Every structure is written in structure tokens, then in C-alpha cells.
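In: what would the 3D arrangement of this be:
(one chain, ligands or ions: 2)
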Amino acid sequence: MTEPAIKSAAAVKIEIRGVTLAYGSFVVLRDIQARIRGGEVFVIMGGSGCGKSTLLRAMIGLGQPASGDILYEGVPYWASEPEARQRLLRSFGVLFQSGALWSSMTLAENIGLVLGEFTDLTPADIRDVARLKLSLVGLRGFEDHYPSEISGGMARRAGLARALALDPDTLFLDEPSAGLDPLTARNLDELILELRDSLGATFVVVTHELASIFTIADHCLFLDGTTRTMRAQGPPRELLRTTEDPVVHAFLTRGEGNRGPAAPAATGGNLLAI
Ligand SMILES: Nc1ncnc2c1ncn2[C@@H]1O[C@H](COP(=O)(O)OP(=O)(O)OP(=O)(O)O)[C@@H](O)[C@H]1O
Ligand SMILES: [Mg+2]
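Out: Ligands and ions are numbered 1, 2, ... in the order given. Below is the predicted model of the structure:
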């Protein structure tokens, strides 16, 4: 089993260092600390309203922490000059919680919009790249479809293709499987693992879906809305086995009855089933 050894030796890519997040005087989260290694899927989990999206937004430059910083390969994002921040943002791909595609544009045009804005590619090249990105998420042949002509799962994959448009090395996904049926959500999880393995990208994924957490997370961070801070972190199965915190244990077993955590997803799944 050489793979885990290689993984654990991967360099720290992102460090959340002593981060406190607030809206005005309302403190959402205090003293968040975490290290995310290159090429892993890092899950931010916790109940509704605990601050998952707020933390993700701080990581992608959309909300400055009240204190602390997010370091990318050792460079503190919020303490950097605007040009350096811009360079970092360029290496991110984001799928927002609302995840909306432009309804008046085809899937290829949705992806092309990002490429047109941030690259010097010709319209023909843009179309080729859009086709390539759509094929990466199993949507080959759907370039000219409008969002209203595809299923919710396909729209989520198209959103992922758009997030991949600029060849990001880090992807941030906020509740990618929210509102999808369990099978579709499962296929999306498999797609995330396939992309992690084929692109070598680092994923930061917000979710409170247990099945997803146990399927995709190499490492997870549990945020707690009651104490307004992090409560635990680690590989999910290890956390489940070792935690002595009843709140963390209850979160990781909730609703699963005797089934226990989902088995790890096999890669090479049926993408077109989403
Ligand atoms: N723009 C805002 N102004 C003030 N308070 C906000 C704002 N956005 C979020 N909040 C509050 O901050 C807290 C954390 O919100 P956030 O959206 O980060 O939670 P979440 O964990 O992502 O929830 P969910 O699982 O429902 O998406 C909540 O109490 C929310 O009401
Ligand atoms: Mg949220």
C-alpha cells in the first residue's frame, strides 16, 4: 500500500491559520486551524448555518476573516497585495452553493464566458476547450444544450466543467450534491474522485451529506454552530473510530442506523448515469 504513504507525504498546500469569521459583531466561527495537502479531498462539514459557506468564501477571497489568514503554499492570501491575490484566484475553480448556470446560454457558452474573460483564446479554441471540459464531466455532445434541457445532476456536472475551465489546481465546491437523489449524488462523488486522481487537483468540498463525506473525504473538518468553532478533524473513518466527543460521533452516525458509513466509491463509475 504505497499510495497512502505518498499521500501523507504530500506538501501542505493550504493552511487555515487561526481564522475567526464574523459578520459585523456576529462571530460565526473562531480560531479555525487546518492544513490541506496537495491532491487531497478536504471536506468542511457540519450542520446547517454553522459557517461552512462563510469559511469557504474566506478561502476564495470573498470575505476577509476578522483575524487570521489563509495561506496558499505559505503565502498569506489576505495579507498579500491585490496583484498576488489575483494570481492566486486565477488558480481556483469554484462551484457555488447556488451553482447556477446562465439559463440563456448553452453549456458551451457558459464555459466559454469564463475563457473569454480570462484568456486570449480565439472563439474556435474556446469552443474546443469548452467541449473538452464538458467531456471531462461526461457531457460530451451536450455543448449546445441549454440548462433547462438537462437534468439537475447534469447541470451540477456542467457547473463543475465551468469550474474546471481555467485548469485550476484547487477546486472549491459548496454542497455539490445538494438536492440530488442519492444515486445521482453518488455518481457526482465518483466524478470528484476521478477528477482528483486524473487532474491531481486539490478539492475543498463543503457538505453535510454523510454518504459523500465517507466516500470522498481524505480529511474532514467538523464545524460546530453551537460552540462556533471547529470540533474535530481527521480522516472520517478514523474520526468515527476514535472520537470521544458525542456531538462528533452523533454527526458521523446520524441517520445511518445499522448500515454504518458508506463504502468507498469505486472509480471508473458510470458518469452518464448522473
Ligand atoms: N451575509 C451575511 N450577513 C450576516 N449573516 C450571515 C451572512 N451570511 C451568512 N450569515 C450567517 O452566518 C452563519 C453561517 O452561515 P453560512 O451560510 O456560512 O452557514 P452554512 O454552514 O454554509 O449553512 P448551510 O448548510 O445552510 O449552507 C449563519 O448564522 C448565517 O445566518
Ligand atoms: Mg452553506
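
In: C-alpha only now, for contacts and for neighbours.
Out: Will do.

In: element containing the nearest residue to residue 180 once chain neighbours are set aside?
Out: Distance criterion CA to CA, 6 or more residues apart in numbering; nearest residue to residue 180, sequence neighbours excluded, is residue 153 at 6.5 Å. When elements are assigned from DSSP states H and E, residue 153 belongs to helix 152-163.

In: give the next helix or strand downstream of that helix.
Out: Of the helices and strands lying after helix 152-163 in sequence (DSSP H and E), the nearest is strand 170-174.

In: on contacts alone, who are the packing partners of that following strand?
Out: Of the remaining helices and strands, those touching strand 170-174 by 3 or more CA pairs under 8 Å, 6 or more residues apart in numbering; DSSP states H and E are helix 52-59, strand 92-95, strand 202-206.

In: and residue 121, how far is that from residue 166?
Out: When CA to CA, to the nearest Å is applied, the distance between residue 121 and residue 166 equals 11 Å.

In: who has more neighbours, these two?
Out: When residue 121 is set against residue 166 and neighbours are counted by other CA atoms under 10 Å, the residue ahead is residue 166, at 19 against 14.

In: quick one on the thing from earlier: mean neighbour count, the helices and strands packed on strand 170-174: which tops it?
Out: Burial among the helices and strands packed on strand 170-174, expressed as mean neighbours by mean count of other CA atoms under 10 Å, is greatest for strand 202-206, which shows a mean of 26.

In: next SSE after it?
Out: Heading C-terminal from strand 202-206 (DSSP H and E), you reach helix 210-216.

In: what comes into contact with whichever helix or strand comes after that following helix?
Out: Read in the C-terminal direction, the helix or strand following helix 210-216 is strand 219-224, with elements assigned using DSSP H and E. Counting by CA atoms under 8 Å, 6 or more residues apart in numbering, strand 219-224 makes contact with 34, 40-47, 50-52, 213, 229-236, 248, all of which sit outside it.

In: repeat the analysis, applying 7 Å as the threshold.
Out: Taking contacts as CA atoms under 7 Å, 6 or more residues apart in numbering, the residues outside strand 219-224 that touch it are 41-46, 50, 229-236.

In: what does stretch 16-34 give?
Out: Under the criterion CA under 7 Å, 6+ apart, external residues in contact with stretch 16-34 comprise 15, 35, 51, 65-71, 228-230.

In: please apply the same query to stretch 42-52.
Out: The contact list for stretch 42-52 (CA under 7 Å, 6+ apart) reads 28-29, 36, 203-208, 213, 217-225.

In: and if you look at stretch 93-108?
Out: The set of residues that contact stretch 93-108 without belonging to it, under CA under 7 Å, 6+ apart, is 110, 127, 130-131, 143-148, 158-160, 163-164, 168, 170-176.

In: show me which of these are buried.
Out: For these, burial is judged from neighbour counts taken by 16 or more other CA atoms under 10 Å, and it is met by 110, 127, 130-131, 143, 146-147, 158-160, 163-164, 168, 170-176.

In: of the contacts of strand 219-224, list those near ligand 1.
Out: residue 50 (CA under 6 Å from any ligand atom).

In: out of the contacts of strand 219-224, which is most surrounded?
Out: Of all those, the highest neighbour tally under other CA under 10 Å goes to residue 43, namely 31 neighbours.

In: in the stretch 1-150 of the chain, which spans are helices?
Out: Residue ranges of the helices in the stretch 1-150 of the chain, as given by DSSP state H, counting those that start in this stretch, are 2-9, 52-59, 82-90, 107-118, 123-136.

In: need those in JSON lines with distance to residue 22 and mean pLDDT, can you?
Out: Putting these into JSON lines (distance: least, CA to CA, whole Å; pLDDT from 0 to 100) gives the following:
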{"stretch": "helix 2-9", "distance to residue 22": "33", "mean pLDDT": "51"}
{"stretch": "helix 52-59", "distance to residue 22": "9", "mean pLDDT": "96"}
{"stretch": "helix 82-90", "distance to residue 22": "21", "mean pLDDT": "93"}
{"stretch": "helix 107-118", "distance to residue 22": "30", "mean pLDDT": "94"}
{"stretch": "helix 123-136", "distance to residue 22": "36", "mean pLDDT": "95"}
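
In: just those: most buried one?
Out: Per-residue neighbour counts averaged over each of the helices of the stretch 1-150 of the chain give the maximum for helix 52-59, namely a mean of 22 (mean count of other CA under 10 Å).
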